[in-house]
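Undergrad: Provided below for reference: sequence and predicted model.
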Amino acid sequence: MYLFEFPQNLMGYLAYVYFTKGSNRPYYHYKDAYVIHVEGRWGAISLSRFIFVDDIYYQSEMVKHEYGHTMQSKRLLILYLPIIGIPSLVWNRLFKNYRIRNQKSYYAFYTESWANRLGGFEEKVNHYKDKVDI
């Protein structure tokens with residue numbers, strides 16, 4: 001299965017090795033994924049079974065949302081990056097002002113709402129102002 005997730009699996013594995021072996025960052029297992037702590041306030045990103053999270057999200061419920069992206073990767077395989085990864089990154093980085101202006105939740109976008117459903121994450125508040133997740 002990991003072969004068919006090759007692009008995101010390779011990037012995730014290389015980052016995992018860099019952060020856990022090279023930078024000695026802590027990590028833990030969540031279901032069949034690795035959750036790796038990366039310092040700072042930058043958000044979170046999922047690459048196959050590797051979930052990278054910042055200081056805020058490391059031990060939070062947000063891991064469920066990120067695990068939803070891991071499940072998307074398992075379902076979409078090599079199509080994950082063009083269908084989920086890139087659109088999610090664009091929604092996060094280029095549409096922040098649009099979300100604020102129109103009071104749209106970050107999770108309103110199809111990539112994010114689907115990840116929430118798959119991961120069992122329920123949005124408790126409207127995060128349209130400050131959600132940082134890629």
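TA: Structure's in. What do you need? Just so it is clear, the structure is predicted and the values come from calculations on it, not from any experiment.
Undergrad: just for this protein, where's the confidence low?
TA: 1-2, 124-134 (pLDDT under 70).
Undergrad: please go through it and pick out the longest helix.
TA: Across the chain, the longest stretch assigned as helix under DSSP state H is helix 62-76.
Undergrad: show residues contacting it.
TA: Contact with helix 62-76 is made by 1, 5, 8, 30-33, 35, 44-49, 51, 53, 56-57, 80, 83-84, 88, 111-112, 114-121, 133, as judged by Cβ atoms under 8 Å, 6 or more residues apart in numbering. Every C-beta, even on glycine, is put in place using the N, C-alpha and C of the backbone.
Undergrad: tell me which element the residue lying closest to S73 once chain neighbours are set aside falls in.
TA: Computed as Cβ to Cβ, 6 or more residues apart in numbering, the closest residue to S73 that is not its neighbour in sequence is Y80, at 4.4 Å. For Y80, the host element (DSSP states H and E) is helix 80.
Undergrad: other SSEs contacting that helix?
TA: The helices and strands touching helix 80, judged by 3 or more Cβ pairs under 8 Å, 6 or more residues apart in numbering; DSSP states H and E, number zero.
Undergrad: after that helix comes which helix or strand?
TA: Helices and strands here follow DSSP H and E; after helix 80, the next one along the chain is helix 86-94.
Undergrad: list phi and psi for the spatially closest residue to E112 that is not a sequence neighbour.
TA: Once flanking residues are discounted, E112 sits nearest to Y106: 6.0 Å by Cβ to Cβ, 6+ apart. Torsion angles at Y106 (phi, psi; degrees, to the nearest 10) stand at phi -60, psi -30.
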